[in-house]
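**Student:** got a sequence here, can you model it:
(chains A and B)
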Amino acid sequence: MTTIHETTTVKLTSGVELPLIGYGTFPMRGEQAQQAVASAISIGYRAVDTAMRYRNEEAVGAAVSSARASGTDVLVTSKMATDQVGYERTSLEGSLAALGLDKLDIWLIHWPPGGSPGVGSWREFIRARDEGLVDAIGISNYSVAQIDGLIDATGTAPDLVQRSWSPVEFDQRYLDSCRDRGIALVAHSPLRQTPLEAPAIADAAQAHARTPAQVVLRWNIQHGVAVVPKSANPERMAQNLNVFDFELSPQEMAAIDALSSVPPMSS
Amino acid sequence: MRGTADLAAEAARVAQVGYTAVIDRMTPELTLATIAANVRRSVTNADGAPATDSELSNVWSPAWNEDGVTVFDERQKKGAIGTAGTFAFGITVQVDGEPGSIAATAVLHNPSDSLRASASALSTALDAALQAIRTGTTGTAASVAFDESVGGHTGFTAPPTLHGLGKVAGTRAALLGPGAISETVLREGAVMALLAHGTTPEGAIVFQTTVRVTGNGADRLDTVPLRLIELR
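**Tutor:** Prediction:
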């Protein structure tokens, strides 16, 4: 397989190398989640995304622990539920216990609590990182203003922000803002709102002999955005991972960017 | 066809989905209408539906709802939720005709010590009630445990109340608290929704959970926090 871009990870400020393609686990639970994660790892995924809210940390942890026991390194992201403000350390300990881990690779605040940046929680996240319980910390579903609220109050920028991100949600200002602050952007739900039949995507798919979904994932990677697509279908799992051996042209990228429905001045 | 026990657990799960749709996306600017729309979307995606039929509803709720979402502050029924006071809300759903419900209380500011203390007292009292529930006891045991636990707390504007709603001979009925008409013995496997309600000068505090009675206690069917949720 010819690799055009050798880089398959993005390096976070903390030093963690985050794979550009991770495996999303919501809303799978129980046996289905465990088997799906095990399949994903066997296919080649090296990053798994879960959350306290997903109620599947035990299942995800079981698959990850099995992989690690056989020498396969898998990075795990989990997220603190919004209603755990004030109980951050208890929440982290709960996630670690459920996952069967001593340390979490990446820990995120799942939603800005009450629309606020959640500075109190962020201080606890920093403390957890400094004490070695987590390697990298970040947030999910935050605006730039909310991110700046954390930075202004603590001086510590998140390693990454995870949010719903797809061609129709593309926001150059948000992307630039993250880049300027040294924050990696991770896309969840990269395919859910995407019009896969749109000519910009369909034409690129035909030109590169790829699926529309692969084009969207490739578009994200070329923007430097990591993605965590979820699929329980082994064939699609493999397709989602196989996006490192073709390249979208600048014109193709611009055409997909143009699918955005985000007003120019938002962020 | 799913049995009542499975449906009850499923309804509790769907109610919790509705809860997360409220709590995770909460901002002071939201209105009840927007919240109800978010809940409807999430609950429908989870294969449930908001319970709008009064037969399925939180029949004891003093402030009925919009589309399965109840708010306990009259002010919040019309305008934005805001940051002042408490945001006490309930979610009622149904799965194949089986009701499921939760209630929770959040604040979008740094709460006062007195509000925290009142919430803690109500939470402790509800826990005392839960500890008193087991097969063979009556709802009165839970009511007594609740009243004894919270009775000494002075932060409420009136004595807090505990409601318990379940089924007697297949019909929904109050098993304890206001509206309970008889000393109903709790049977193993019975499903009961317990709601603790107190009013403070800063707003209502409401906690609700659904439990299944066991031989030596009661298992919760949801994991909604039964304490003040501080979204700040």
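
**Student:** residues near A:Pro250, how many?
**Tutor:** A count of nearby residues for A:Pro250, using other CB atoms under 10 Å in any protein chain shown, gives 9. Quick note: C-beta positions are derived from backbone N, CA and C, even for glycine.

**Student:** next one: B:Gly217
**Tutor:** There are 14 residues near B:Gly217, going by other CB under 10 Å.

**Student:** now the closest residue to it other than its chain neighbours: phi and psi?
**Tutor:** In this structure, B:Gly217 finds its nearest non-sequential neighbour in B:Arg134, 5.3 Å apart by CB to CB, 6 or more residues apart in numbering or on different chains. Backbone torsions for B:Arg134, taken as degrees, to the nearest 10, come to phi -170, psi 170.

**Student:** report pLDDT for the residue positioned nearest the centre of chain B.
**Tutor:** Central residue of chain B (CA atoms, centre = their mean): B:Gln208, 2.3 Å from the mean position. If you check B:Gln208, the pLDDT there is 94.

**Student:** can you tell me which residues contact residue 205?
**Tutor:** No chain specified, so I'll use chain A. A:Ala205 is in contact with A:Thr211, A:Pro212, A:Gln214, A:Val215, counting by CB atoms under 8 Å, 6 or more residues apart in numbering or on different chains.

**Student:** sorry, should have said chain B
**Tutor:** B:Thr86, B:Ala88, B:Thr105, B:Leu115, B:Ser118, B:Ala119, B:Leu122, B:His197, B:Gly198, B:Thr199, B:Leu228.

**Student:** identify the farthest-apart pair in those.
**Tutor:** The most widely separated members of the contacts of B:Ile205 are B:Leu115 and B:His197, with 15.1 Å between them, by CB to CB.

**Student:** between these two, tell me which one has more neighbours.
**Tutor:** B:His197 (26 against 22).

**Student:** isn't that one right next to B:Gly177, touching?
**Tutor:** No - at 9.4 Å, B:His197 does not count as touching B:Gly177 under the criterion of CB atoms under 8 Å.

**Student:** in the lowest-mean-pLDDT helix or strand in chain B, what's buried?
**Tutor:** Within chain B, no helix or strand scores below strand B:171-176, which has a mean of 76 by mean pLDDT, DSSP states H and E. Within strand B:171-176, the residues scored as buried using 16 or more other CB atoms under 10 Å in any protein chain shown are B:Ala173, B:Ala174, B:Leu175, B:Leu176.

**Student:** note down every partner strand of that strand and its orientation.
**Tutor:** strand B:161-168 (antiparallel) (DSSP bridges).

**Student:** name the residues that touch the partner strand?
**Tutor:** Residues contacting strand B:161-168 (CB under 8 Å, 6+ apart): B:58-60, B:125-126, B:129, B:139, B:142-143, B:146-147, B:172-180, B:184, B:190-198.

**Student:** got the contact list for A:Val64?
**Tutor:** A:Val64 sits next to A:Val37, A:Ile41, A:Val48, A:Val74, A:Val76, A:Leu99, A:Gly100, A:Leu101 when contact means CB under 8 Å, 6+ apart.

**Student:** sorry, slip of the keys, the one I care about is B:Phe89.
**Tutor:** B:Val22, B:Ile35, B:Val69, B:Thr70, B:Val71, B:Phe72, B:Ala103, B:Ala104, B:Thr105, B:Ala106, B:Val206.

**Student:** just the ones of those in helices?
**Tutor:** Counting by DSSP state H, the contacts of B:Phe89 place B:Val22, B:Ile35 in helices.

**Student:** residue ranges for the helices of the chain, please.
**Tutor:** No chain specified, so I'll use chain A. Taking DSSP H as the criterion, chain A carries its helices at A:30-43, A:57-69, A:88-99, A:119-130, A:144-154, A:172-180, A:199-208, A:212-222, A:234-241, A:250-257.

**Student:** you answered for a different chain; I wanted chain B.
**Tutor:** Going by DSSP H, chain B shows helices at B:4-23, B:32-45, B:113-132, B:139-150.

**Student:** and for the residue nearest to B:Gly217, the neighbour number?
**Tutor:** By other CB under 10 Å, 16 other residues sit near B:Arg134.

**Student:** next one: the one 4 residues further on
**Tutor:** Using other CB under 10 Å, the number of residues around B:Thr138 comes to 18.

**Student:** how close does it sit to A:Val10?
**Tutor:** According to CB to CB, to the nearest Å, B:Thr138 stands 61 Å off from A:Val10.

**Student:** what do you get for A:Leu101?
**Tutor:** Separation of A:Leu101 from A:Val10 (CB to CB) stands at 22 Å.

**Student:** give me whichever of the helices of chain B is most buried.
**Tutor:** Comparing the helices of chain B by mean neighbour count (mean count of other CB atoms under 10 Å in any protein chain shown), helix B:4-23 comes out on top with a mean of 23.

**Student:** next, the angle helix B:32-45 makes with that helix.
**Tutor:** On the basis of axes from the mean of the first three to the mean of the last three CA atoms, to 10 degrees, helix B:4-23 is oriented at 140 degrees to helix B:32-45.

**Student:** and helix B:4-23, how far out from the chain's middle?
**Tutor:** The chain centre lies 12 Å from the centre of helix B:4-23; the measure is CA atoms, centre = their mean, to the nearest Å.

**Student:** equivalent analysis for stretch A:96-107, please.
**Tutor:** 17 Å.

**Student:** how close does the most centrally placed residue in chain A get to A:Thr156?
**Tutor:** Nearest residue to the geometric centre of chain A (CA atoms, centre = their mean): A:Val186, 3.9 Å. Computed as CB to CB, the A:Val186 to A:Thr156 distance reads 18 Å.

**Student:** list the contacts for A:Gln222?
**Tutor:** Residues near A:Gln222 by CB under 8 Å, 6+ apart: A:Glu247, A:Leu248, A:Met253.

**Student:** okay, buried residues for stretch A:73-89 please.
**Tutor:** Using 16+ other CB under 10 Å as the test for burial, stretch A:73-89 gives A:74-88.

**Student:** do stretch B:104-112 as well
**Tutor:** B:Ala104, B:Thr105, B:Ala106, B:Val107, B:Leu108, B:His109, B:Pro111.

**Student:** looking at those, spot the one nearest chain A.
**Tutor:** Ranked by distance to chain A (CB to the nearest CB), the buried residues of stretch B:104-112 are led by B:Leu108 at 4.1 Å.

**Student:** could you list every residue that touches the closest one?
**Tutor:** So B:Leu108 contacts A:Gly114, A:Gly115, A:Ser116, B:Met26, B:Pro28, B:Ile81, B:Gly82, B:Thr83, B:Phe87, B:Leu231, B:Arg232 (CB under 8 Å, 6+ apart).

**Student:** next, format those residues as JSON lines and append neighbour count, pLDDT and distance to A:Val225.
**Tutor:** Listed next are these as JSON lines, based on neighbours: other CB atoms under 10 Å in any protein chain shown; pLDDT from 0 to 100; distance: CB to CB, whole Å:
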{"residue": "A:Gly114", "neighbour count": "24", "pLDDT": "97", "distance to A:Val225": "27"}
{"residue": "A:Gly115", "neighbour count": "19", "pLDDT": "96", "distance to A:Val225": "24"}
{"residue": "A:Ser116", "neighbour count": "19", "pLDDT": "97", "distance to A:Val225": "26"}
{"residue": "B:Met26", "neighbour count": "25", "pLDDT": "96", "distance to A:Val225": "27"}
{"residue": "B:Pro28", "neighbour count": "16", "pLDDT": "95", "distance to A:Val225": "30"}
{"residue": "B:Ile81", "neighbour count": "25", "pLDDT": "92", "distance to A:Val225": "33"}
{"residue": "B:Gly82", "neighbour count": "15", "pLDDT": "92", "distance to A:Val225": "36"}
{"residue": "B:Thr83", "neighbour count": "17", "pLDDT": "93", "distance to A:Val225": "34"}
{"residue": "B:Phe87", "neighbour count": "28", "pLDDT": "96", "distance to A:Val225": "35"}
{"residue": "B:Leu231", "neighbour count": "24", "pLDDT": "96", "distance to A:Val225": "28"}
{"residue": "B:Arg232", "neighbour count": "21", "pLDDT": "91", "distance to A:Val225": "30"}
